[in-house]
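> Sequence first, predicted coordinates after that:
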Amino acid sequence: MRGILAAAGYVPYRRLQRSDIREVMGSGGGKGTRSVASFDEDTTTMAVEACRLLGTDLSPDSLWFSTAEPAYLDKTNANAIHTALRLDDDVAAMDVGGAIRSGVGALRAALEGNGTILVVSSDMRTGLPTSADEAQGGDGAAATLVGDGDVIASYLGGASATREFLERWRTPGSNRSRTWEDRFGESMYSPLAEQAWTAALKTADVTEVDVLCVAGMHTRSVGRVSKRLGAPRTIDLSSTVGDTGTAQAMLLLVNALETANSGQVVALVSLADGADVLVFRAVRAGIPKRTVDQQIATATDVPYTRFLSWRGMLTPEPPNRPEPARVSAPAAERGSDWKFGFVGDDRPLADTQGTIVTFTVDRLAYSPSPPIVFAIVDFDGGGRFPLELTDVDADLVKVGDRVEMTFRKLSTADGIHNYFWKARPVR
Amino acid sequence: MSIKDKVAIVASSCTPFGEHWDRGTDDLLVQAASEAFEQITAKPDAYWLGTAQSGMSGITLARPLGLDDKPITRVENYCASGSEALRNAAFAVASGAHDVAMAIGVEKVKDSGYQGLNAFPIPGDGTGRTLTAAAMFSLVIPAYANKYGVSEEEMRDALAHVASRNHANGAKNPRAQFRREMSKESVIASPKVAGSLGVLDCAGVADGAAAAIVVRAEDATKFTDKPLYIKALSFVAGSGSGLTDPSYDYTHFPEVETSAADAYRQAGITDPRNAFAMAEVHDCFTPTELVLMEDLGFSERGTAWKEILAGAFDLTGDLPVNPDGGLKSFGHPVGATGLRMVFECWLQLRGEAPPERQISNERGLALTQNLGGYPGEMVSFVSIVGTDPG
């Protein structure tokens, strides 16, 4: 039986209260929250997080990574994910690039292909201050292990509908997306969704759907299509996580599978430059290390101004210290087990928790978001390493706190991202 | 084997330390070298230049001094680069390879445009620690307080005493960067830089140069009637294992303990607390000086904070520490600091310090302790000099 062997979503720790936007800017915003990737996260690091939450020994034949916000162009971002997950070097790693549709596209290709494929999609969404994209967007990642055997959800079939129309676009390098008048998109998506839905249900040989997930950046259409297609239960993360773009289709599916009863039919509809519908039957509970709902429940707000500075929309004065030097490519390659895999003395420190022995707050050192909180960490089972802490509030850190490891971007110099591991409180 | 009584210092000099916007590395080197040259008739036949990052190769010294075809070696060992120059120059004359050698150290820090000290970026994999020295040394404060049951207030008080006393000493030193007395209250109230370390817990960042000329001990009196004899030179480079050693607790610096023990062995000192007229130690941050008092054997473990508060290491105490103001207020031009410490020993043991800070030199021995790096990953130098030819 082909389908999904494991599924997990990653929702970053920080939330922006949408009401904060209006408070600062006088307009924009809305109700609820959106997820916010930290200053040291990008789509690559979030993809690593999602894969690590799968909670299973990963030995895929290939790793496919999709995002509309790649950390690098030309260079394959999936390689860093591959190495951070300590996958064997005979595992192919590739980026499925560019558009929001690539997320659901990679998932469908894996489901209808062969072998065991780790499919991960990740995105960071924002727009100009007060824009709808800023308020309604979200940051996050989702991963599924697709293959044959002991699946948590079997794939029943899928269908697509494609048409060329200009509804949302962004040129490379731009910090905002543009959209055509809202109603035009609605007139396009509704019939495309209808067409793909009918075809998919026929292919899947089902008439009733128990759980419905509708993903898409075109909010009006998502609302309308959800209502029109109808299902006893609809997965909706818009008031908590927001719309995570390329990751959204899989993130909704993950959340559906975490909560579906076995036997239920789960349909995933993605509206992005066409419509894609994938139909599954839940076989057994697919509970990752941390569910999407658990991550939604353990979050801390980030002030709007800090969110703006993290996204490069607002530039506070940095400490008057030199910026970090760029990473040496040969040195990074020689040390890739350490740098990306965090393997020290043949031990996977990445998967080992530790305890804070002592810590300090460095207000002088360069950081993209000062100050740096830095701790001496003793690892369970022996070993010590000094590590930067992340996803913490400096005032709340205590000696003796338990920490776990997380793959992050320390800095960027000469266009080279310096990835390494940090520690964060166990939550 | 030891270097004891084989080498003598016959000249010593030091420029004022400070933000010398109007003077470059060349100017500072020329001033320090000239002032040392003036003290003796012979010219050195070999040179060791200590600088962390104000120049590379011996040419950095040869060019401004107009030295043609001399053996000039540039040495670097973090903030102990100046001491390293002295050590190598001493070994050169002791071996007989040279008769007169100059050790000179310089740093032109204030041309960088940044606050604090900044290391050259060496190409690497990007996983190295990126903390400032202030942050690394700030780890000592809670560790020491917890281990010895010292309250936060007592700790603050003791550290502020170190800063305040070194400022008071520096105020009596015309070459010092900061010549203003600083109350303990203002030290405690200074803006935080890292952990509970405030700006006024940190050494001054300064430009400057210092020099010393060494000869074999038997030749010393040909050059000066008041030479200082080298009783010990010890230097150790730690392996950096403290950073990953779960037994390391940030309340002591093993590299300093090792170099101190070695220096005491060389000099035959068994009771360091009562051996010296004075000590110059590497007070890059106030908690560093606190720990050094114990690592150097001046105080029992866990008691230095009390002795500091009791004034034992003040100018009027039984063992004056940093009578010239230390790194704290004299300033810290990295490559010059080790030789600046020697310069204060030179003044004090010869009775040539300004009267307002001249201490009793009855004991006739002085110690310098100079370190580089951070807790867990450190180089440490200890020298002992004295007036007795032995």
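Now that the structure is in, tell me what you want to look at.

> Might you enumerate the residues of chain B proximal to chain A?
By CB under 8 Å from any CB of the partner chain, the residues of chain B that approach chain A are B:112-116, B:118, B:121, B:123-127, B:129-132, B:134-136, B:138-139, B:142-143, B:146, B:192-195, B:243-246, B:248, B:250. Every C-beta, even on glycine, is put in place using the N, C-alpha and C of the backbone.

> Apply 6 Å and report the result again.
Within reach of chain A by CB under 6 Å from any CB of the partner chain, chain B has these residues: B:114-115, B:118, B:121, B:123-127, B:129-132, B:134-135, B:138-139, B:143, B:193-195, B:243-244, B:246.

> Give me the buried subset of those.
B:125-127, B:129-132, B:134-135, B:138-139, B:143, B:193-195, B:243-244 (16 or more other CB atoms under 10 Å in any protein chain shown).

> Model confidence score at the closest residue to residue A:384 other than its chain neighbours, please.
Ranked by CB to CB, 6 or more residues apart in numbering or on different chains and with sequence neighbours excluded, the top spatial neighbour of residue A:384 is residue B:246, at 4.5 Å. The score at residue B:246 is 94. That number is its pLDDT.

> With residue A:344 instead?
According to the per-residue confidence, residue A:344 scores 88 in pLDDT.

> Please enumerate the helices of the stretch 1-150 of chain B.
B:25-37, B:59-65, B:81-94, B:133-138, B:140-148 (DSSP state H, counting those that start in this stretch).

> Need the ones you listed in JSON lines (columns: distance to residue B:332).
Written out in JSON lines, the entries for these read as follows (distance: least, CB to CB, whole Å):
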{"stretch": "helix B:25-37", "distance to residue B:332": "14"}
{"stretch": "helix B:59-65", "distance to residue B:332": "19"}
{"stretch": "helix B:81-94", "distance to residue B:332": "11"}
{"stretch": "helix B:133-138", "distance to residue B:332": "10"}
{"stretch": "helix B:140-148", "distance to residue B:332": "18"}
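
> now those as CSV including mean pLDDT and distance to residue A:142?
What follows is those, written out as CSV (pLDDT from 0 to 100; distance: least, CB to CB, whole Å):
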stretch, mean pLDDT, distance to residue A:142
helix B:25-37, 98, 57
helix B:59-65, 98, 57
helix B:81-94, 98, 53
helix B:133-138, 94, 37
helix B:140-148, 95, 41
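
> Tell me which helix or strand the nearest residue to residue A:117 once chain neighbours are set aside sits in.
Excluding its sequence neighbours, the residue lying closest to residue A:117 (CB to CB, 6+ apart) is residue A:110, at 4.1 Å. Using DSSP states H and E, residue A:110 falls within helix A:101-111.

> for residue B:348, same thing?
helix B:334-349.

> partners of the next helix or strand after that helix, with directions?
Secondary structure here is assigned by DSSP H and E; on that basis, the next helix or strand after helix B:334-349 toward the C-terminus is strand B:365-374. In its sheet, strand B:365-374 lies beside strand B:278-280 (parallel), strand B:377-386 (antiparallel), with partners assigned from DSSP bridges.

> Tabulate these (JSON lines), appending mean pLDDT.
Rendered in JSON lines, the data for the strands paired with strand B:365-374 read as follows (pLDDT from 0 to 100):
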{"stretch": "strand B:278-280", "mean pLDDT": "98"}
{"stretch": "strand B:377-386", "mean pLDDT": "98"}
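
> Helices along the stretch 201-350 of chain B, start to end?
Read by DSSP H, counting those that start in this stretch, the stretch 201-350 of chain B holds these helices, from start to end of the chain: B:254-267, B:286-295, B:304-309, B:326-330, B:334-349.

> what residues does the last one touch?
Looking back up the chat, that one is helix B:334-349. Surrounding helix B:334-349, the residues in contact under the criterion CB atoms under 6 Å, 6 or more residues apart in numbering or on different chains are B:12, B:14, B:50-52, B:79-83, B:105-107, B:208-210, B:212, B:228, B:278, B:280, B:324, B:353, B:359, B:361, B:366, B:368, B:370, B:385, B:387.

> from those residues, which would you call buried?
Using 16+ other CB under 10 Å, the buried members of the contacts of helix B:334-349 are B:12, B:14, B:50-52, B:79-83, B:105-107, B:208-210, B:212, B:228, B:278, B:280, B:324, B:353, B:359, B:361, B:366, B:368, B:370, B:385, B:387.

> How many neighbouring residues does residue B:252 have?
20 (other CB atoms under 10 Å in any protein chain shown).

> For it, give me the pLDDT.
The model's pLDDT for residue B:252 equals 97.

> Okay, it and chain A: tell me how far apart.
With distances taken as CB to the nearest CB, to the nearest Å, residue B:252 is found 14 Å from chain A.

> tell me the contacts of that residue?
B:291, B:295.

> which residues of chain A fall in helices?
A:18-25, A:43-52, A:78-84, A:101-111, A:132-136, A:182-204, A:219-229, A:248-259, A:292-297, A:304-310, A:329-334, A:336-339 (DSSP state H).

> Those: which one's closest to residue A:283?
helix A:248-259 (9.5 Å; CB to CB).

> how far is that closest one from where the chain is centred?
12 Å (CA atoms, centre = their mean, to the nearest Å).

> What of stretch A:348-363?
With CA atoms, centre = their mean, you get 24 Å for stretch A:348-363.

> what do you get for stretch A:420-427?
Put simply, stretch A:420-427 sits 17 Å off its chain's centre (CA atoms, centre = their mean).

> how about that stretch: buried residues?
Going through stretch A:420-427 with 16+ other CB under 10 Å, the ones that come out buried are A:420, A:421, A:422, A:423, A:424, A:425.

> Next, give phi and psi for the closest residue in space to the third one that isn't next to it in sequence.
I take that to be residue A:422. Of all residues not flanking residue A:422 in the chain, residue A:390 sits nearest, at 4.3 Å (CB to CB, 6+ apart). The main-chain torsion angles of residue A:390 are listed as degrees, to the nearest 10 and equal phi -140, psi 170.

> Pull out the buried positions in stretch B:213-220.
Counting neighbours by 16+ other CB under 10 Å, the buried set in stretch B:213-220 is B:213, B:214, B:215, B:216, B:217, B:219, B:220.

> quick one: contacts of that stretch?
Applying CB under 6 Å, 6+ apart, the contact partners of stretch B:213-220 are B:5-11, B:36, B:89-90, B:93, B:100-102, B:227, B:229.

> now swap in stretch A:262-273 and tell me
When contacts are defined by CB under 6 Å, 6+ apart, stretch A:262-273 is touched by residues A:100-101, A:104, A:189, A:206, A:209-216, A:218, A:221, A:249, A:253, A:256, A:260, A:276-284.

> Show the average pLDDT along that stretch.
Mean pLDDT, stretch A:262-273: 97.
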